[in-house]
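K.L.:
sequence unavailable; structure follows:
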């Protein structure tokens, strides 16, 4: 059996192959993720961070290489099939919820993630009672607004709800794609604290992409830096705790900056 | 003047099934399905042909519904599996169905005089035919509305609604949105074909041209209905479609009474839809209630 919960082996993804715009988003990329790892992922624009999450989630298929979850080859699985293992929070608050549908309906759909959906009634009385309870954790008063459309919520509220939705059915892997980047600083901090609390409480295996270096160092037990579709730095434990933003900039500022200049 | 009420009511309730079907695709699935202009006469053609050949009307109607389901599913397959633009997928199916309907009927028109239809028992009653027919269409429309309402609140139904609302999100939650789209289109066109089958029996003939302009009339009905009943929930959306259909038929009957030529009907309806869509756009804010998702 596999020792690792999630394994990527030699994954390559090339966009616009054979054209002038050819872009090697992931280049023979390998990563082994142990159960319970909370990995923060950094890298300049175009380093392959979002492509990495998309390949893991099955949203895009790798050109080469292998993706394994719990020793099972899932390389060719489409996103809706990967849903049984993976929960994801996107950058834009509008992407993780259905805006025209109510809070309780969104929660119900999340609870059924990766499960068979039948012709049973969706939001039952039991479920509603439970949703009211779990929503209290957010302390946003959403428990009294179960029948309101999600589109009426603010970005921060919506992102907090999306975060809560990820754990209604426990995922094997949680993917966070710059999920606080679109929020104002104060809300971002709140959502990040909530994230950290949820990940710790449920011992969730998590991959978090972020642009914020401080965030990347502060949270998680492991940090991976991507550069041109490859792992440039992979540190964990004490080594990560000791690392400072200044050190990263001193060591990698050149590549990060160069890349940013090039892509800008 | 008063005599336009029963006929408007009868037609409005009969065509409410079409409006419900269109609401399901355009509004719930955000899929502008144009199959309707072909699946409506398909329902009429199948039912008329079978009844003409001696089948009992209930069987004929059920088979007509099944034909509509298949037609809708095929449009869904064109759009999702073959990646054909959704508008074009509907137009292709509509065009294909024109030939299919002629094949099924063997000619352009099948009369059902002296054949036993679903409405024959109502004609033997000792009263005006209008009342039982209106009650019948009311019951059919109400049952369809309630069945859709319930379906859209089931676990599967929630996934179907999310497919039209936020496809990426519901895929990441495990719904095969291609399948949901195909099934939703099948369901919508089942209702549309049922309407075609019932209306053919009610009017006593099926005609290959009876579906022309059906989508535009359905959209006009939905726009009118949503102006009267704000579609904030599924229950209100389906109610708006049904009520809008009755009001639309009433407006049309009134217009004809006031001198609108029957030949100008489709132009009048088309302009009605254009104006309803244009007003919020010209004002600079596309109000959601008038926004036809998918258009």
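P.N.:
Perfect, thanks for sending it. Bear in mind the structure is a predicted one, so any value in this text is a computation, not a measurement.

K.L.:
check chain B for the residue nearest chain A and tell me.
P.N.:
residue B:174 (3.3 Å; CB to the nearest CB). Just so you know, the C-beta spots here come from the backbone N, C-alpha and C atoms, and that holds for glycine as well.

K.L.:
backbone phi and psi for the nearest residue to residue B:232 once chain neighbours are set aside, please?
P.N.:
Excluding the flanking residues, the one nearest residue B:232 by CB to CB, 6 or more residues apart in numbering or on different chains is residue A:149, at 7.6 Å. When read as degrees, to the nearest 10, the backbone of residue A:149 gives phi -70, psi 140.

K.L.:
partner residues bridging residue A:149?
P.N.:
Counting by DSSP bridges, residue A:149 is bridged to residue A:102.

K.L.:
my read: it touches residue A:99, true?
P.N.:
Yes. Applying CB atoms under 8 Å as the test, residue A:149 and residue A:99 come out as touching, 6.6 Å apart.

K.L.:
any regions of the chain where pLDDT drops low?
P.N.:
Assuming you mean chain A. Within chain A, the stretches with pLDDT under 70 are A:1-3, A:254-264.

K.L.:
my question was about chain B, not that one.
P.N.:
Ranges of chain B meeting pLDDT under 70: B:1, B:284-295.

K.L.:
any idea which helix is longest in it?
P.N.:
helix B:177-203 (DSSP state H).

K.L.:
in that helix, what's buried?
P.N.:
B:177-178, B:180-202 (16 or more other CB atoms under 10 Å in any protein chain shown).

K.L.:
can you narrow these to ones near chain A?
P.N.:
residue B:177 (CB under 8 Å from any CB of the partner chain).

K.L.:
would you mind giving the domain segments of chain A?
P.N.:
A:6-85+A:171-263, A:99-170 (automatic domain parsing).

K.L.:
any idea which of the ones you listed gets closest to residue B:273?
P.N.:
domain A:99-170 (22.0 Å; CB to CB).

K.L.:
for that closest one, measure first residue to last.
P.N.:
23 Å (CA to CA, to the nearest Å).

K.L.:
what residues does the stretch 51-200 of chain A have near chain B?
P.N.:
A:57, A:59, A:78-81, A:83-84, A:86-88, A:90, A:94-101, A:105, A:108-110, A:112-115, A:117-123, A:149.

K.L.:
in PyMOL, select just the buried ones from those.
P.N.:
Typed into PyMOL, the line below selects the buried ones among these, using 16+ other CB under 10 Å:
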select buried, chain A and resi 57+59+79+80+81+83+84+86+87+88+90+94+95+96+97+98+99+100+101+105+108+109+110+112+113+114+117+122+123+149
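
K.L.:
among the residues of the stretch 51-200 of chain A next to chain B, which are located in strands?
P.N.:
If you go by DSSP state E, those have A:86, A:87, A:88 in strands.

K.L.:
now do residue B:49 against residue B:64, distance only.
P.N.:
From residue B:49 across to residue B:64, the span is 9 Å (CB to CB, to the nearest Å).

K.L.:
who has more neighbours, those two?
P.N.:
residue B:64 (32 against 21; other CB atoms under 10 Å in any protein chain shown).

K.L.:
got the phi/psi numbers for that one?
P.N.:
phi -60, psi -40.

K.L.:
contact partners for it?
P.N.:
Counting by CB atoms under 8 Å, 6 or more residues apart in numbering or on different chains, residue B:64 touches B:42, B:43, B:44, B:46, B:47, B:50, B:193, B:194, B:196, B:197.

K.L.:
tell me which two in those are the farthest apart.
P.N.:
Taking CB to CB, no two of the contacts of residue B:64 sit farther apart than B:50 and B:194, at 14.0 Å.

K.L.:
what residues are up against residue 51?
P.N.:
You didn't pick a chain, so chain A it is. Contacts of residue A:51 (CB under 8 Å, 6+ apart): A:13, A:25, A:26, A:60, A:229.

K.L.:
please refer instead to chain B.
P.N.:
Going by CB under 8 Å, 6+ apart, the list of residues near residue B:51 reads B:57, B:60, B:112, B:115, B:116, B:117, B:201.

K.L.:
can you give me the strands for the chain?
P.N.:
With no chain named, the answer covers chain A. A:6-15, A:23-33, A:38-43, A:64-69, A:72-73, A:86-89, A:173-177, A:205-209, A:222-227, A:230-236.

K.L.:
think we crossed wires, I meant chain B
P.N.:
Going by DSSP E, chain B shows strands at B:109-111, B:205-207.

K.L.:
in its sheet, which strands sit next to the last one, and in what direction?
P.N.:
This points to strand B:205-207. The pairing partners recorded for strand B:205-207 under DSSP bridges are strand B:109-111 (antiparallel).

K.L.:
which parts of chain B sit against chain A?
P.N.:
Going by CB under 8 Å from any CB, the residues of chain B near chain A are B:151, B:153-159, B:161-162, B:165-166, B:168-177, B:232.
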